[in-house]
Each structure stands twice: as C-alpha cells, then as structure tokens.
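A.B. asks: 3D, please:
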Amino acid sequence: MNVPNQYLKFINGLSPISEKVLMEMVSILRKVEIEKFDYFVKEGEISREIGFLEKGIVRAFYINEAGKEYNKTFFTAPNFIGSYASIITGLPNRLPQQALTKCIVWKFSMIDLERLTEKYPEIEKLRRRMAEYLFLRNEKRELEIALLDAQDRYLILLNEFPDIETFVPQYHIATYLGISPTQLSRIRKKLAIKETNR
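C.D. replies: This next block holds a predicted model:
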C-alpha cells in the first residue's frame with residue numbers, strides 16, 4: 001500500500017512509534033477520494049471513522065436556526081478529519097465536514113484502532129497526544145475569536161493556509177472569520193493599499 005510519507009511524519013510528529021506498530025496502523029487504512037462538495041461525515045450521522053487528509057481542503061461547519069451556515073474550521077493536508085465528538089459520545093454528529101476541493105483521504109475505523117490500542121500501548125500514547133493537539137487547536141481558535149479583530153484573524157488564516165483563497169470562496173472565508181463578505185472585501189482592500197504603500 002502506497003501510504004503517503006505525510007501520514008508517517010504526522011504520526012511520528014505527534015508521538016514517535018516503532019516501525020512495527022506504524023506498519024500495523026498502515027494496515028487498517030483504506031484510501032478513498034472525496035469529490036468536491038461531498039461529505040466525509042454528515043450532520044446527524046454517528047461517526048465511526050477517522051480520516052487522514054492527504055490532499056485537499058475540508059470545512060467543518062454548522063447551520064443556525066435561521067438556516068445560515070458558519071464555518072468552524074478548515075482542514076488542509078496533512079491533517080486528521082472526522083467527528084471526534086460523535087465518536088467519543090456515540091451521539092449524532094452536529095458538525096458536517098464537507099470537501100471544498102477534490103480530496104484524497106485514508107480512512108480507518110475506530111473499531112480497528114481500538115483493537116490495535118489494546119495490543120500496543122504506544123497507540124494509547126499517540127491517541128492522548130492527538131487529543132491534546134485537538135484541544136490546543138480548538139483553544140487557539142476560541143482565543144482568536146474572543147481577543148482579536150477580524151483583520152488579525154484574517155492574517156492568521158492566511159499565514160496558516162497560504163493558498164486558501166485560491167481554492168475557497170470568499171463567502172466561506174468570511175463566515176469562518178465571523179464577518180460578512182463585504183467586511184472581508186474591505187479588509188482585503190485595506191491590506192492591499194498598505195502593501196502598495198510600503
């Protein structure tokens with residue numbers, strides 16, 4: 001199986017594990033392609049799989065009572081995707097994850113991962129590090145929303161995802177920042193003028 005080096009580096013970056021265990025983890029992977037606008041996990045589904053995003057961009061979003069969409073986060077490769085809350089609680093997923101470009105994903109079931117966790121303590125440590133990684137990422141995002149203005153949040157987004165505007169429509173970026181497309185347009189113009197005057 002031609003598993004991407006990104007996957008191996010990402011895993012070892014979280015928590016180094018032996019080659020034997022790594023190969024066992026590779027053995028439970030299944031490669032899938034997700035077409036643009038298709039879903040990795042839908043709202044209301046009970047999630048039982050995690051995916052490693054090799055290529056593409058995925059958004060996690062929610063819809064309020066008025067039917068308006070808000071993007072909670074973007075995932076770009078290399079990264080893990082999936083509804084961790086649904087997996088942990090066994091409850092239906094509330095944050096659908098949709099491909100914004102054609103994506104290549106390596107999926108594995110939590111049943112298979114649980115089996116390997118019982119067999120190898122190294123995987124338990126990896127899962128703990130993964131939970132810490134997700135917690136820190138979510139806390140960072142919450143602090144940005146609470147403490148920074150829209151322009152600063154936009155600049156952070158561009159720093160973390162340099163090519164995102166090439167692939168993601170402006171209205172998706174605006175909802176992620178918690179502003180209107182018109183406000184985003186003003187910010188972009190202001191920054192462009194500042195760059196020109198340097």
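
A.B. asks: Against residue 195, how distant is the residue nearest to residue 92 when sequence neighbours are not counted?
C.D. replies: Spatially, and ignoring its direct neighbours in sequence, residue 92 is nearest to residue 44 (4.8 Å; Cβ to Cβ, 6 or more residues apart in numbering). C-betas here are computed from N, CA, C, even on glycine. Plainly put, residue 44 is 44 Å away from residue 195 if you go by Cβ to Cβ, to the nearest Å.

A.B. asks: From the centroid of the protein, which residue is nearest?
C.D. replies: Centrality entry for the chain: nearest residue to the mean C-alpha point is residue 75, 3.0 Å, by Cα atoms, centre = their mean.

A.B. asks: per-residue pLDDT, it?
C.D. replies: Predicted confidence (pLDDT) for residue 75: 93.

A.B. asks: That one - nearest residue in space that isn't next to it in sequence?
C.D. replies: That would be residue 58: by Cβ to Cβ, 6+ apart, it lies 4.4 Å from residue 75.

A.B. asks: and what of residue 8?
C.D. replies: Nearest residue to residue 8, sequence neighbours excluded (Cβ to Cβ, 6+ apart): residue 22, at 6.5 Å.

A.B. asks: could you say what helices and strands the host helix or strand of that neighbour packs with?
C.D. replies: Element membership of residue 22 [criterion: DSSP states H and E] is helix 19-27. In this structure, helix 19-27 packs against helix 5-14, helix 110-119, helix 121-147, with contacts taken as 3 or more Cβ pairs under 8 Å, 6 or more residues apart in numbering; DSSP states H and E.

A.B. asks: Which of the ones you listed sits closest to residue 93?
C.D. replies: Of all those, it is helix 110-119 that lies closest to residue 93, at 13.4 Å by Cβ to Cβ.

A.B. asks: For that closest one, output the C-alpha coordinates as PDB.
C.D. replies: Presented in PDB, the C-alpha positions along helix 110-119 are these (Å, rounded to 0.1, in the frame of the first residue of the first chain):
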ATOM      1  CA  MET A 110     -12.400   3.200  15.400                       C
ATOM      2  CA  ILE A 111     -13.100  -0.500  15.900                       C
ATOM      3  CA  ASP A 112      -9.800  -1.300  14.200                       C
ATOM      4  CA  LEU A 113      -7.900   1.400  16.100                       C
ATOM      5  CA  GLU A 114      -9.300   0.100  19.400                       C
ATOM      6  CA  ARG A 115      -8.100  -3.400  18.600                       C
ATOM      7  CA  LEU A 116      -4.600  -2.000  17.900                       C
ATOM      8  CA  THR A 117      -4.700   0.100  21.100                       C
ATOM      9  CA  GLU A 118      -5.300  -3.000  23.200                       C
ATOM     10  CA  LYS A 119      -2.400  -4.700  21.500                       C
END
